[in-house]
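J.: Sequence unavailable; structure follows:
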């Protein structure tokens, strides 16, 4: 068969995909459907640590963005999409909560880094807070005269400072 154009027809898949993606990004309903599918995938499949770290950082960033938008809006109707945005952000956070719990329960025996760097950082921050807040409950239990003990059995002397204003 002879080609009517006199030559081979060239098909560039890169331009085709780029065109389809740009058209899909312009339609909010397609992006919403893809977002819900992504949330369901997170609920079903286990996430790798690096992806969970990225998703948690993204979630925190979106939370701050929503808060700042809600605080600085001049009229309530300027942010009339707030209930929908809040619902989607809550769904994302619940799916990330489930994914992080799955990682902690399955790989927690590997150490504090088992669930990723973001969870490890929050855990370290929380542990320091509990360590200092728990000091009054166990202060002075079988400890030397000059040391005050924290809830984990570590003395203020070993921490290199004071616990709740107690001097060494």
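T.: Looks like it arrived, so ask away. Remember, predicted model here, so these are calculated numbers, not experimental data.
J.: going forward, measure contacts between C-alpha atoms and count neighbours the same way
T.: OK.
J.: Give me the helices and strands touching the helix or strand hosting residue 38, please.
T.: Taking DSSP states H and E as the criterion, residue 38 maps to helix 28-44. Under the contact criterion of 3 or more CA pairs under 8 Å, 6 or more residues apart in numbering; DSSP states H and E, helix 28-44 touches helix 13-26, helix 82-107.
J.: Show residues contacting the first one.
T.: Identification of contacts with helix 13-26 by CA atoms under 8 Å, 6 or more residues apart in numbering yields 30, 31.
J.: what angle sits between that helix and helix 28-44?
T.: Calculated by axes from the mean of the first three to the mean of the last three CA atoms, to 10 degrees, helix 13-26 forms an angle of 100 degrees with helix 28-44.
J.: can you pull the buried residues of helix 13-26?
T.: For helix 13-26, the neighbour count (16 or more other CA atoms under 10 Å) marks no residue as buried.
J.: closest to residue 35 out of the helices and strands packed on helix 28-44?
T.: Distance to residue 35, taken as CA to CA, is lowest for helix 82-107 among these, at 8.7 Å.
J.: average pLDDT across that closest one?
T.: What helix 82-107 shows for mean pLDDT is 90.
J.: What mean pLDDT does whichever helix or strand comes after that helix get?
T.: Of the helices and strands lying after helix 82-107 in sequence (DSSP H and E), the nearest is helix 117-133. Across helix 117-133, the average pLDDT comes to 73.
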